[in-house]
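*Asks:* Starting from these lines, generate the structure:
(chains A and B)
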2 protein chains.
Amino acid sequence: MSVFTPVTPEALADWLRRYAIGRLTDLQGIPAGVQNSNFFVTTTLGRYVLTLFETIPRAELPFYLHLTAHLARHGLPVPAPIADRDNEYLGTLSGKPAALVARLSGQSDMAPGPQRCARVGAMLAGLHLAGLSYGRRQDNPRGAAWRSATAAQVRPFLPAAEQALLDAELAFQAAVRIDELPRGVIHADLFRDNILWDGEHIGGVIDFYFAGRDALLFDVAVTVNDWCCTADGELEPARYHALLDAYHAERPFTPAERAAWPAMLRAAALRFWMSRAADFHLPRAGEMVLVKNPDEYRDILRLRAQGVPPLPGDPA
Amino acid sequence: MSVFTPVTPEALADWLRRYAIGRLTDLQGIPAGVQNSNFFVTTTLGRYVLTLFETIPRAELPFYLHLTAHLARHGLPVPAPIADRDNEYLGTLSGKPAALVARLSGQSDMAPGPQRCARVGAMLAGLHLAGLSYGRRQDNPRGAAWRSATAAQVRPFLPAAEQALLDAELAFQAAVRIDELPRGVIHADLFRDNILWDGEHIGGVIDFYFAGRDALLFDVAVTVNDWCCTADGELEPARYHALLDAYHAERPFTPAERAAWPAMLRAAALRFWMSRAADFHLPRAGEMVLVKNPDEYRDILRLRAQGVPPLPGDPA
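*Replies:* Here you go, the predicted model:
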């Protein structure tokens, strides 16, 4: 289903001679992911994942590959790319940009409790701290400018009540001051399906292809909106405080972040409402998209606008 | 027994704030290793090994730490160092140079069969190939010059028959041409206790603290002398051919290597005979050494001098 470009064992065995990881012993397509073709690759030396990039322009790939390499060097459980004998991460296979990455272990948990939320909070803070020394720059591709532009495209398809909600939110967000917020590399899509659990440890953090530079707090808000919600979008206090306290213990929130927090939860909800609404109302020919219900994040946006508990730390 | 420098949980918890790997949850001394103090470190984010370097000069440590980082980037299962928030691998803890490295999984196998020997051969070739693009240089600290110098120190303590064996071997080795052999970074101590098996995969290759630049074939010889021997030092054909064929499939032996192979197996045996004899006859005050029987490698040297089967590949 989601292997768009086939790879034969013969072609892969030949391609693997560029690497220092032994001979191919097994190749399996992975039926997951909508942006890339992924395969489990086993060699005499180890187990890896092969990714053929189907949609991301080749010139943008080094940002992501070097980012995961950087984070792995800092001890984070991410799919670090494997360098070939020429020390390169990115190659070409079956006519597509291709990379081998470390295979991580674990399974997603779609019903995490407070303890796992705490681990995610600590990990996210670690990711932000390690990312501060990453040298390459790319803006968050779903940042404020993208949100405004997408809202303009989507608005005509929305019913009147949703147009009113959207207009009010855009006006509200335009007045929010975010220039004092700490910035850095953010994952920007840290949903429950992008964390693999290996027992009670995080065995993997995957899918960095929305990463970019933005307010770190935006990443926290994206994460909280997914990990700490009830089925109807309400924040569940135990998970909410567990995640935020654990994050705060690693990277204390600043006064500016405490002030911006309610707006940031709304901006994060808006981002996913808009992307899902665009996928729903503006499908692009030839593009494979797993269409998710936009109403979920419209409702989360409405709920967040009613107020949220404060971030941990002293009020300033 | 082999934790020479204590580390308290309080001191370590404080030190870990330099990193992005969460909070300390467990600290255990590791009762193995004679050169360093090692600890299992568990944090909210993952599992690591802490090493305090007891004997290697600080200035020499970056060679080893960057080497394992380089090999890990190439997909080899080695204890990659974890970078701190300043992007540094090497710190100071309890007054000693200290580093955190990835914790690998698996157990040593002191009675490997041909299949495991084949995996070791393939991995060793991968290590040599990946090492070709490593930028830092350090000569093999137990290379030809060290062997001659150590032989001169040890010789007076040996019985006459061993002196004769040693004199003959030094004369033989002095005539061997090694300048046409492919050179690169070698592990130089790839004994069975330095490979961890995770099922039938190699989960870890450890103890790179004898690594340096030398003939790649010397590394193959050190490895064969340990992995492919019977208890009395004879080469066991099934394991011998399995290891060498697997290596040859990844990095084909050159004609010069085929010619030098018998001499290289003898040089590798001489190296461990000399180091063990020096540890036995010339113990140094204050140095903790696990004294191993030098006779084992004296006997291996004698056996190799009687002739060995050729390397795989076409005779040239």
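*Asks:* give me the element A:Ile202 is part of.
*Replies:* strand A:201-205 (DSSP states H and E).
*Asks:* what's in contact with stretch A:303-314?
*Replies:* A:169, A:172, A:225, A:233-235, A:237, A:240-241, A:244-245, A:248, A:252-253, A:257-258, A:261-262, A:265-266, A:269 (C-beta atoms under 8 Å, 6 or more residues apart in numbering or on different chains). The way it works is simple: take the backbone N, C-alpha and C, and place the C-beta from them, glycine included.
*Asks:* from the chain's centre, how far out does it sit?
*Replies:* 23 Å (C-alpha atoms, centre = their mean, to the nearest Å).
*Asks:* CA atoms of it as PDB?
*Replies:* Extracted as PDB, the C-alpha positions of stretch A:303-314 are listed here (Å, rounded to 0.1, in the frame of the first residue of the first chain):
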ATOM      1  CA  LEU A 303     -11.700  24.200  23.500                       C
ATOM      2  CA  ARG A 304      -8.200  25.800  23.900                       C
ATOM      3  CA  ALA A 305      -9.700  29.200  23.300                       C
ATOM      4  CA  GLN A 306     -11.800  28.700  26.400                       C
ATOM      5  CA  GLY A 307      -8.700  28.700  28.600                       C
ATOM      6  CA  VAL A 308      -5.900  26.300  29.600                       C
ATOM      7  CA  PRO A 309      -4.100  25.600  32.900                       C
ATOM      8  CA  PRO A 310      -0.800  27.500  33.200                       C
ATOM      9  CA  LEU A 311       2.700  26.200  32.500                       C
ATOM     10  CA  PRO A 312       4.700  25.000  35.500                       C
ATOM     11  CA  GLY A 313       7.100  27.400  37.100                       C
ATOM     12  CA  ASP A 314       6.800  30.600  39.100                       C
END
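*Asks:* How about the residue at minimal distance from the centre of chain A, nearest residue that isn't a chain neighbour?
*Replies:* Closest to where the C-alpha atoms of chain A average out (C-alpha atoms, centre = their mean) is A:Asp189, at 2.4 Å. Using C-beta to C-beta, 6 or more residues apart in numbering or on different chains and skipping the chain neighbours, the partner closest in space to A:Asp189 is A:Phe210 (4.2 Å).
*Asks:* Equivalent analysis for A:Thr55, please.
*Replies:* A:Gln35 (5.3 Å).
*Asks:* Now do that neighbour against A:Ala267, distance only.
*Replies:* 23 Å (C-beta to C-beta, to the nearest Å).
*Asks:* Between those two, which is the more surrounded one?
*Replies:* Neighbour count, other C-beta atoms under 10 Å in any protein chain shown: between A:Gln35 and A:Ala267, A:Ala267 has more, with 26 against 19.
*Asks:* so what's that one up against?
*Replies:* Residues near A:Ala267 by C-beta under 8 Å, 6+ apart: A:Ala144, A:Arg147, A:Gln173, A:Val176, A:Phe218, A:Ala221.
*Asks:* Give the buried residues for the strand or helix carrying it.
*Replies:* Using DSSP H and E, A:Ala267 sits within helix A:255-281. Going by neighbour count (16 or more other C-beta atoms under 10 Å in any protein chain shown), the buried part of helix A:255-281 is A:256-280.
*Asks:* what's downstream of that helix, the next helix or strand?
*Replies:* Going down the chain from helix A:255-281, the next helix or strand is helix A:295-304, by DSSP H and E.
*Asks:* how about that following helix: buried residues?
*Replies:* For helix A:295-304, using 16+ other C-beta under 10 Å, the buried residues are A:Glu296, A:Tyr297, A:Arg298, A:Asp299, A:Ile300, A:Leu301, A:Arg302, A:Leu303, A:Arg304.
*Asks:* And stretch A:145-164, by the same measure?
*Replies:* Neighbour counts over stretch A:145-164 (16+ other C-beta under 10 Å) mark A:Trp146, A:Arg147, A:Thr150, A:Ala151, A:Val154, A:Arg155, A:Leu158, A:Glu162 as buried.
*Asks:* Can you add pLDDT and secondary structure and give the residues you listed back as TSV?
*Replies:* Formatted as TSV, these follow (pLDDT from 0 to 100; DSSP: H, G, I helix; E, B strand; the rest coil):
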residue	pLDDT	secondary structure
A:Trp146	95	helix
A:Arg147	95	helix
A:Thr150	96	helix
A:Ala151	96	helix
A:Val154	95	helix
A:Arg155	96	helix
A:Leu158	96	coil
A:Glu162	96	helix
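*Asks:* could those go into a markdown table alongside distance to A:Asp26?
*Replies:* Listed next are those as a markdown table, based on distance: C-beta to C-beta, whole Å:
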| residue | distance to A:Asp26 |
| --- | --- |
| A:Trp146 | 40 |
| A:Arg147 | 43 |
| A:Thr150 | 42 |
| A:Ala151 | 46 |
| A:Val154 | 44 |
| A:Arg155 | 49 |
| A:Leu158 | 48 |
| A:Glu162 | 49 |
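*Asks:* ok, and which of those residues reach chain B?
*Replies:* Among these, no residue is within reach of chain B (C-beta under 8 Å from any C-beta of the partner chain).
*Asks:* Relative to B:Arg183, which of these is nearest.
*Replies:* Of all these, B:Arg183 sits closest to A:Trp146, with 52.3 Å by C-beta to C-beta.
*Asks:* got a list of what that closest one touches?
*Replies:* A:Trp146 neighbours (C-beta under 8 Å, 6+ apart): A:Asn140, A:Arg271.
*Asks:* Need the outlier residue of chain A, farthest from its centre.
*Replies:* A:Glu10 (33.3 Å).
*Asks:* so what's the backbone phi/psi at that one?
*Replies:* Main-chain torsions, A:Glu10, degrees, to the nearest 10: phi -70, psi -40.
*Asks:* picking up where we left off before, so for the helix holding A:Ala267, mean pLDDT?
*Replies:* The pLDDT scores in helix A:255-281 average 95.
*Asks:* Let me know whether the helix or strand hosting A:Val49 sits next to chain B.
*Replies:* A:Val49 belongs to strand A:47-53 when assigned by DSSP H and E. Yes. Interface with chain B: strand A:47-53 contributes A:Arg47, A:Tyr48 (C-beta under 8 Å from any C-beta).
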